[in-house]
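A.B. asks: sequence and predicted model, in that order:
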Amino acid sequence: MNRSLTRPGIEYHPLYFSDLEEAVIWLESKAELGGDLVECVEEAVSRIRRNPLAFRIDRKMDARRCLVRRFPYVLYFDYDRALNRVFVYVLAHASRKPAFWKDRMNQD
């Protein structure tokens, strides 16, 4: 199969799942929207896998970014074209300073 026609594999930083869990717990405690967030994050990951190069590189973060619809969250990721692989670093609140996760980029 032509590699350019296949969807890229996806890998997550080990702390990504903690990010998601923390956001879900917080949203559930405030408005019972944790399940909705999970659906929207899954949809964002699907968009990334369909066309990872469609997302701009955030020069400040040195990673691509995908906004999560309906929620103020962003997925930061890299795409390795040679390996046809997406690596998601973090699910971050859009207004949170990136210092809390920036060091993850050197650990993949």
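C.D. replies: Okay, I see it. Residues are numbered from 1 along each chain as shown.
A.B. asks: going forward, measure contacts and count neighbours with C-alpha atoms only.
C.D. replies: OK.
A.B. asks: for the most centrally placed residue in the chain, what are phi and psi?
C.D. replies: When the chain is reduced to its mean C-alpha position, the nearest residue by Cα atoms, centre = their mean turns out to be residue 75, at 2.7 Å. Note on residue 75: backbone dihedrals following degrees, to the nearest 10 are phi -100, psi 130.
A.B. asks: from what I can see it touches residue 67, true?
C.D. replies: Yes - under the contact definition of Cα atoms under 8 Å, residue 75 touches residue 67, with a separation of 6.4 Å.
A.B. asks: returning to what we had before: run through the bridge partners of the residue nearest to the centre of the chain.
C.D. replies: Using DSSP bridges, the bridge partners assigned to residue 75 are residue 66, residue 91.
A.B. asks: for it, what are its contacts?
C.D. replies: Listed by Cα atoms under 8 Å, 6 or more residues apart in numbering, the contact partners of residue 75 are 65-68, 88-92.
A.B. asks: let's see that with 10 Å instead.
C.D. replies: The neighbours of residue 75, taking Cα atoms under 10 Å, 6 or more residues apart in numbering as the test, are 16, 41, 44-45, 48, 63-68, 88-94.
A.B. asks: how about residue 62?
C.D. replies: Per Cα under 10 Å, 6+ apart, neighbours of residue 62: 76-78, 102, 105.
A.B. asks: for the helix or strand of the chain with the lowest mean pLDDT, buried residues please.
C.D. replies: Scoring the helices and strands of the chain by mean pLDDT, DSSP states H and E places helix 99-102 at the bottom, with a mean of 73. For helix 99-102, the buried set under the neighbour-count rule, 16 or more other Cα atoms under 10 Å, is empty.
A.B. asks: stretch 28-44 too?
C.D. replies: The neighbour-count criterion (16+ other Cα under 10 Å) identifies 33-34, 37-38, 40-41, 44 as the buried residues of stretch 28-44.
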